[in-house]
Each structure stands twice: as structure tokens, then as C-alpha cells.
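Sequence and predicted structure, then a few things I'm wondering about:
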Amino acid sequence: MSELKKTGGTGAPRRRFLKRAAVGGAAATGLAAPMISTAQTVSLRFQSTWPAKDIFHEYANDFAKKVNDMAGGRLKIEVLPSGAVVPAFQLLEAVNKGTLDGGHGVLVYHYGKNTALSLWGSGPSFGMDANMLLSWHTYGGGKALLEEIYKSINMDVVSYLYGPMPTQPLGWFKKPIAKADDLKGMKFRTVGIAVDVFTGMGAAVNPLPGGEIVPALDRGLIDGAEFNNATSDRILGFPDVVKNCMLQSFHQSSEQFEILFNGPKYRALPADLRAIIDFAVQAASADMSWKAIDRNSQDYLEMKKQGIKFFKTPDAILRQQLDVYDKVVAKKSEENALFKKVLDSQRAFAERAGQWQNDYTVDLKMAYNHYFAKKKS
């Protein structure tokens, strides 16, 4: 028998029953509702080392968007382009001091702080590609070595490496480079250990940041230059001032990006937001590498249609790069114990991982030629 019938339909008990039912319903609704955080938003101001129009700045924004979306409003990263707060080559100091909360760039831009920093992607990396070098960094001891280097130069930053880059061209030139002697006396732009390698090959090197390269080429301040990839090179305007590009090189065949956080700002974040950053880095790394394949291949074809001439770098030049690189790193290993420590770690990892990679990987060019070579002939 219902409570209403027991009370004979009188008003007070009925109201008490409805009140209890309403409270119970509210409790049930409260249990079913999602927990919504009311924590205040943490805003972080980042700067990239790239011009706003470059795809690299787009990659920096892609990473920030992943963090912002996953954090559900509790963490917001804003990314400014190169030069908005500090010049590109001053990013590390600005993040360390807290002038910026973080940044997006590459380790070779810190080459002047410790030469060992250029070993993350500047040089042949004992035959490892960029993805293999990231494997060494994550699982082969590279991360701990990087932290040791930053500590040695008093940089309180948290560094994430991600985004394996494709092999970079030898560079853009007024005339094709047919032999190693063609580089002698040439005013050339590059960065990192590549500065020493090209210097050893006879070039006069100027390590300009990305946004200054094409204007310098246009004004004749340099004779040749390399930056990175088909999309960046096209966006930055290389095809507008130089018509010859030499493909394939060992000077930067395994580079990746770096995401920097100011140490105190990062450590002040709650554990769940730091975890979101961890996974956003991994997601952005995969997304960046997929986007690079799509965009680089499109821009490569567009530049061909534009009349740009692409040439494979002669093997003799590639072999000379390796020979000069060996001499450069031998000298720097004597000068810098951390440089040698990183180099030895990479060598040990590359010997094992490279054997596996080379033995297991089929010749993809054979399959490509099987399907497309006849159509192009």
C-alpha cells in the first residue's frame, strides 16, 4: 500500500514524501553528473624560433592546441613567433630566466652554450635517422645526458624532444654543386656542428636564424644556404631568389624539435597537467611527422612545376662530409667530456639499432620504381 493511501491523501505527509523524493532525485542526479574542475586557468606564454608563416611555427601551435584541448581549460599555452619577445638564438636563456614560460625550437640553436647539444640531429648520427635518434633519446640514455648538459650550464629548464624531421637538403645554390671544391670560399649558411663540417670543407659559414636566410641570399650577403625541408624552404622564399637545390646530405639527417618549459613553472603544475603535456608531446610528434610527409611532398612537386632544379648531392661530397665530421667530433671530444659522453652513447645505440634497421628494412625504392618508374620515363 502506498504512503499516500496510508495517510488518506492528506497534504502534509504527501508534501514530506515529495520532498524526500526530490532530495533523492537530486542526489542521484549529482552522482551521475560529471565532476567539473573549477581550478583557475594556468596560462603559459611560449615563443617559437620560427617566423609566423613557417610550417615549423604551425607545428608549435599544433602542440599547444593539443595541450589546451586536453587540459579542458585548466592550462592554456599561447605561442608567439620568433622575435616577438627575444631573438631566435636567445630562446634558451629567456625560458631559463622566466622571461618566457616556454618555447619551441631545436637543440642546435643552443650550440654556443655547449657543443654537445648539436649532437641531437646535427651530423650523421652514426647512420641513425631522426626517429631512431629519438628512440636513443627516450630509451637509450639521451634524455638523462641532455639533463646533465643543461645542469652543467645552469639552465633550469624541462626539455621534450619530438617530431622526427626528414633528411635535410645540402642546400640552395646559384649553381649546382658538382664537386666538393665548389664549396670552397662560398659564403654559406648552416647551424650546429654543420658549421664546423662546412668550414672544414672550405666554406665561409654564417649561422643565421631561419627568418634572415632568404633576405641574405637575395642581397648577396651569402652565396648558398640550407634550412630544412620543401615546405619551409618554399614558404620562406628560397625558390624566389635561388633556382638550384641539392638534395640529400649528412649535415642534418636526424634532427628533431625541442619543446622547452621554464623549470619552476613546469614543476608547479599539478601531476595530471604534466601528464597531459607528456602525452600531448607524443601525439604532436606523430601528427607532425605525418603532416610533414603530406605537405613536403606537395610543395616539392609545386617547386618542380615552378621550374626549380633539384639535383642529388654527389656521393663524393657525402663521403667527404663523413670524413670531415669524424675529424670535427674527434677534436670536440677532446675539448668537451660531455660531448664525448653523448657521442659514445649514440655510437653504442646506433650500432645495435642500425644493424636491426638495415637488416630488417626492405628496399622501398624497389617497390616505388616497380609501380611508378615506367610512368615517369
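That came through, no problem. Residues are numbered from 1 along each chain as shown.

Counting by contacts, list what the helix or strand harbouring Asp294 packs against.
Assigned by DSSP states H and E, Asp294 belongs to helix 271-305. Contact partners of helix 271-305 among helices and strands, from 3 or more Cβ pairs under 8 Å, 6 or more residues apart in numbering; DSSP states H and E: helix 55-71, strand 157-164, helix 230-236, strand 256-262, strand 309-312. (Each C-beta comes from the backbone N, C-alpha and C, glycine too.)

Now the shortest one: average pLDDT?
Per-residue pLDDT values across strand 309-312 average out to 98.

in it, what counts as buried?
Using 16 or more other Cβ atoms under 10 Å as the test for burial, strand 309-312 gives Phe311.

burial measure for the residue nearest to Ala216 when sequence neighbours are not counted, as a count.
With Cβ to Cβ, 6 or more residues apart in numbering as the criterion, Ala216 has its nearest non-adjacent residue at 4.8 Å, and that residue is Ile222. Using other Cβ atoms under 10 Å, the number of residues around Ile222 comes to 22.

Same check on Asn131?
15.

Torsion angles phi and psi at it?
Backbone torsions of Asn131, given as degrees, to the nearest 10, read phi -70, psi -40.

possible to save the helices and strands packed on helix 271-305 as TSV with distance to Trp172?
Listed next are those as TSV, based on distance: least, Cβ to Cβ, whole Å:
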stretch	distance to Trp172
helix 55-71	17
strand 157-164	23
helix 230-236	7
strand 256-262	22
strand 309-312	10
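
Looking at those, which one is packed in the most?
strand 256-262 (a mean of 25; mean count of other Cβ atoms under 10 Å).

helix or strand right after that one?
Using DSSP H and E, the next helix or strand after strand 256-262 towards the C-terminus is helix 263-267.

How far does that following helix sit from its chain's centre?
Distance, stretch centre to chain centre, for helix 263-267: 21 Å (Cα atoms, centre = their mean, to the nearest Å).

Quick one: list the elements packing against that helix.
Contacts defined by 3+ Cβ pairs under 8 Å, 6+ apart place helix 263-267 against strand 157-164.

Show the average pLDDT along the strand it packs on.
According to the model, strand 157-164 has a mean pLDDT of 98.

what's the closest non-adjacent residue to Leu208?
If the residues on either side of it in the chain are set aside, Leu208 comes closest to Arg189, at 5.0 Å by Cβ to Cβ, 6+ apart.

show me the contacts for that neighbour.
Shown in contact with Arg189 (Cβ atoms under 8 Å, 6 or more residues apart in numbering): 171, 205-208, 213, 216, 222, 224-226.

can you check Ser82 too?
Counting by Cβ under 8 Å, 6+ apart, Ser82 touches 47-51, 57, 88, 209-211.

One more pass at 6 Å, please.
For Ser82, the contact set (Cβ atoms under 6 Å, 6 or more residues apart in numbering) comprises 48-51, 88, 211.

With Gln320 instead?
Ala180.

can you check Ala60 too?
So Ala60 contacts 48, 79, 104 (Cβ under 6 Å, 6+ apart).

what's the answer for Gly200, then?
Listed by Cβ under 6 Å, 6+ apart, the contact set of Gly200 reads Val324.

Can you tell me how far it is from Asp218?
From Gly200 across to Asp218, the span is 27 Å (Cβ to Cβ, to the nearest Å).

Which parts of the stretch 101-250 of the chain are strands?
Secondary structure of the stretch 101-250 of the chain by DSSP state E, counting those that start in this stretch: the strands cover 102-105, 157-164, 171-173, 187-189, 204-205, 224-225, 244-247.

Could you export the contacts of Ser82 as JSON lines, including pLDDT and neighbour count?
Formatted as JSON lines, these follow (pLDDT from 0 to 100; neighbours: other Cβ atoms under 10 Å):
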{"residue": "Ser48", "pLDDT": "98", "neighbour count": "29"}
{"residue": "Thr49", "pLDDT": "96", "neighbour count": "28"}
{"residue": "Trp50", "pLDDT": "96", "neighbour count": "28"}
{"residue": "Pro51", "pLDDT": "94", "neighbour count": "19"}
{"residue": "Ala88", "pLDDT": "94", "neighbour count": "22"}
{"residue": "Gly211", "pLDDT": "85", "neighbour count": "19"}
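
which among those residues gets closest to Gly123?
Proximity of those to Gly123 (Cβ to Cβ) peaks at Thr49, which lies at 19.8 Å.

pretty sure the closest one contacts Ala88?
Yes. Thr49 is within contact range of Ala88, at 3.9 Å (criterion: Cβ atoms under 6 Å).

Since that was my last question, I'll sign off now.
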